[in-house]
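A.B. asks: pasting the structure only:
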């Protein structure tokens, strides 16, 4: 199976950013967190869960 798509990562990172109160200057932090979450979901065979976030 492939890696999470950029769109999946973008959507999850945006959600994380919103949940954190939309702080400025932390885009990379949320991007990497989303990548880790989705990669973990993929490894568990759960990637579709992250696709709708």
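C.D. replies: Done, it's in. Values in this document were obtained by computation on a predicted structure and should not be read as measured data.

A.B. asks: Tell me where this structure has helices.
C.D. replies: For the chain, the helices defined by DSSP state H occupy 6-19, 27-43, 47-51.

A.B. asks: possible to save these as TSV with mean pLDDT?
C.D. replies: Putting the helices of the chain into TSV (pLDDT from 0 to 100) gives the following:
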stretch	mean pLDDT
helix 6-19	98
helix 27-43	93
helix 47-51	54
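
A.B. asks: Tabulate those helices in a markdown table, adding columns for mean neighbour count.
C.D. replies: (C-beta placed from N, C-alpha, C; glycine too.) Compiled in a markdown table, the helices of the chain are given as follows (neighbours: other CB atoms under 10 Å):
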| stretch | mean neighbour count |
| --- | --- |
| helix 6-19 | 16 |
| helix 27-43 | 16 |
| helix 47-51 | 15 |
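
A.B. asks: Next one: residue 12 relative to residue 44, how far apart?
C.D. replies: 15 Å (CB to CB, to the nearest Å).

A.B. asks: try residue 34
C.D. replies: Plainly put, residue 34 is 16 Å away from residue 44 if you go by CB to CB.

A.B. asks: same deal with residue 24?
C.D. replies: As for residue 24, its distance to residue 44 is 33 Å (criterion: CB to CB).

A.B. asks: Which residue of the two possesses the greater neighbour count?
C.D. replies: Set side by side, residue 24 and residue 44 show unequal neighbour counts under other CB atoms under 10 Å, the larger going to residue 44 at 9 against 6.

A.B. asks: Would you list the phi and psi of that one?
C.D. replies: The phi and psi torsions at residue 44 (degrees, to the nearest 10) take the values phi -90, psi 0.

A.B. asks: tell me the centre residue of the chain?
C.D. replies: Residue closest to the mean C-alpha point of the chain, counted by CA atoms, centre = their mean, is residue 34 at 2.5 Å.
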